[in-house]
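# give me coordinates for this.
(2 chains)
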Amino acid sequence: EPEVTQTPSHQVTQMGQEVILRCVPISNHLYFYWYRQILGQKVEFLVSFYNNEISEKSEIFDDQFSVERPDGSNFTLKIRSTKLEDSAMYFCASSEPTSQGNSYEQYFGPGTRLTVT
Amino acid sequence: GESVGLHLPTLSVQEGDNSIINCAYSNSASDYFIWYKQESGKGPQFIIDIRSNMDKRQGQRVTVLLNKTVKHLSLQIAATQPGDSAVYFCADRGAGNTGKLIFGQGTTLQVKP
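Just a heads-up that it's a prediction; the model follows:
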């Protein structure tokens, strides 16, 4: 069964450093998302991406964040200068297109645990 | 703003009993709702979804009920098994067509053998 994969599973970085979180969405999917989950809290939407551009972003997704689809398979989230409060699980998700456009069902990866010290 | 919430942070049930997990949402324009299951150390896993033009949808051992009048959503799990132990989140699709999901806080389901 196809699945979304993410690397690394755990990333430890110092405050102020740049990190890149990587995702490989399901191959025929065209809609991509990043979410984050601070420990013990709910999953929060960060950004959605379609047709090589951001379609929506949340207030959390400020200028320190960026996303990219550098090739036909990877989808990345970059945080330019990490802060302590960026520590969280980051989930990538993808969904397939339908005749009406965006499919509703999103498939999530296993997440990357980011720890900022 | 939009919000999705669950009534109980933790639900403990006996193996074999039925479980009911509840959720309330605030956006009356929401047209799509999903339940996800999250096991420790894993990403959310799709369980079942329902569109706003339906009141009920059944899957394998799971049923989702939608009451648009009171903006309430529930997940019923029949014959709960130890493997059902996890955190359950409801989510609704935010306004617009970008696919953004708005998640609730989560209910931890504990199944006692």
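# centre of the chain to stretch A:110-117, how far?
Offset of stretch A:110-117 from its chain centre (Cα atoms, centre = their mean, to the nearest Å): 12 Å.
# which positions within that stretch qualify as buried?
Along stretch A:110-117, the positions that meet the burial threshold by neighbour count (16 or more other Cβ atoms under 10 Å in any protein chain shown) are A:110-114, A:116. For every residue, glycine as well, the C-beta is placed using N, CA and C.
# what about chain B: which of these touch it?
Counting by Cβ under 8 Å from any Cβ of the partner chain, the subset of those that neighbours chain B consists of A:110-111.
# now the buried residues of stretch A:110-117 as a markdown table including pLDDT?
Formatted as a markdown table, those follow (pLDDT from 0 to 100):
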| residue | pLDDT |
| --- | --- |
| A:110 | 95 |
| A:111 | 97 |
| A:112 | 98 |
| A:113 | 97 |
| A:114 | 98 |
| A:116 | 98 |
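# out of the buried residues of stretch A:110-117, flag the one nearest to residue A:61.
Distance from residue A:61 was checked for each of these by Cβ to Cβ. The minimum falls on residue A:114, at 14.7 Å.
# residue ranges with poor pLDDT in chain A?
Counting by pLDDT under 70, chain A shows low-confidence ranges at A:98-103.
# residues from chain A in reach of chain B?
Applying Cβ under 8 Å from any Cβ, one finds that chain A approaches chain B through A:4, A:31, A:33, A:35, A:41-45, A:48, A:50, A:55-56, A:58, A:91, A:93, A:95, A:101-111.
# list only those of the residues you listed flagged as buried.
The neighbour-count criterion (16+ other Cβ under 10 Å) marks A:4, A:31, A:33, A:35, A:42-45, A:48, A:50, A:55-56, A:58, A:91, A:93, A:95, A:102-104, A:106-111 among those as buried.
# SS state for residue A:85?
When the structure is split into helix, strand and coil by DSSP: H, G, I helix; E, B strand; the rest coil, residue A:85 lands in helix.
# tell me, please, the helix or strand in chain B that averages the lowest pLDDT.
Evaluated with mean pLDDT, DSSP states H and E, the helix-and-strand set of chain B has its lowest mean pLDDT in strand B:4-6, which scores a mean of 64.
# pLDDT weak spots in chain B?
B:1-3, B:5-7, B:95-97.
# near chain A, which residues of it are found?
Checking chain B against chain A by Cβ under 8 Å from any Cβ, the hits are B:32, B:34, B:36, B:41-46, B:49, B:51, B:89, B:91, B:93-94, B:96-106.
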